[in-house]
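Chemist: here's a sequence, model it:
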Amino acid sequence: MFYKVRVLNKKGKILKIITSEVLNNRHWSLFEEQLKPSKGKKNKFNDFKKDSNRKKSHYIGMESFGLEEYKI
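Modeler: As a prediction, the model looks like this:
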């Protein structure tokens, strides 16, 4: 349920009133459009490529913690 909306100018005079029926129709037409799958977009979630250099860039050595004398 939508309430009617009054659009005012900067002096407070009513420019137009948008009825609840118009708002309801607009909402549901936009909602239906958003549910349709878009043809131009591709889901790139599974396109992640493994990079062997990635592990090296995130490596934190034990010497950065002052633990170089300890061996694992």
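
Chemist: contacts, neighbours, all on C-alpha from now
Modeler: Noted.

Chemist: any low-confidence regions in the protein?
Modeler: 38, 40-72 (pLDDT under 70).

Chemist: can you give me the helices in it?
Modeler: For the chain, the helices defined by DSSP state H occupy 20-35, 52-57.

Chemist: who touches the closest residue to Leu8 other than its chain neighbours in this structure?
Modeler: Closest residue to Leu8 apart from its sequence neighbours, by Cα to Cα, 6 or more residues apart in numbering: Ile14 at 4.5 Å. Contact analysis of Ile14 by Cα atoms under 8 Å, 6 or more residues apart in numbering lists 6-8.

Chemist: neighbour count and distance to Val22 added to those residues, as a markdown table?
Modeler: Formatted as a markdown table, those follow (neighbours: other Cα atoms under 10 Å; distance: Cα to Cα, whole Å):
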| residue | neighbour count | distance to Val22 |
| --- | --- | --- |
| Arg6 | 13 | 13 |
| Val7 | 13 | 14 |
| Leu8 | 12 | 18 |
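
Chemist: format the residues you listed as TSV; extra columns: distance to Lys36.
Modeler: As requested, the contacts of Ile14 are exported to TSV (distance: Cα to Cα, whole Å):
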residue	distance to Lys36
Arg6	31
Val7	31
Leu8	35
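
Chemist: re the thing from before, tell me how far the residue nearest to Leu8 lies from Ser20.
Modeler: 17 Å (Cα to Cα, to the nearest Å).

Chemist: what does Asn9 give?
Modeler: In terms of Cα to Cα, Asn9 sits 20 Å off from Ser20.

Chemist: which of those two has more neighbours?
Modeler: Ser20 (14 against 10; other Cα atoms under 10 Å).

Chemist: OK, contacts around that one?
Modeler: Counting by Cα under 8 Å, 6+ apart, Ser20 touches 1-5.
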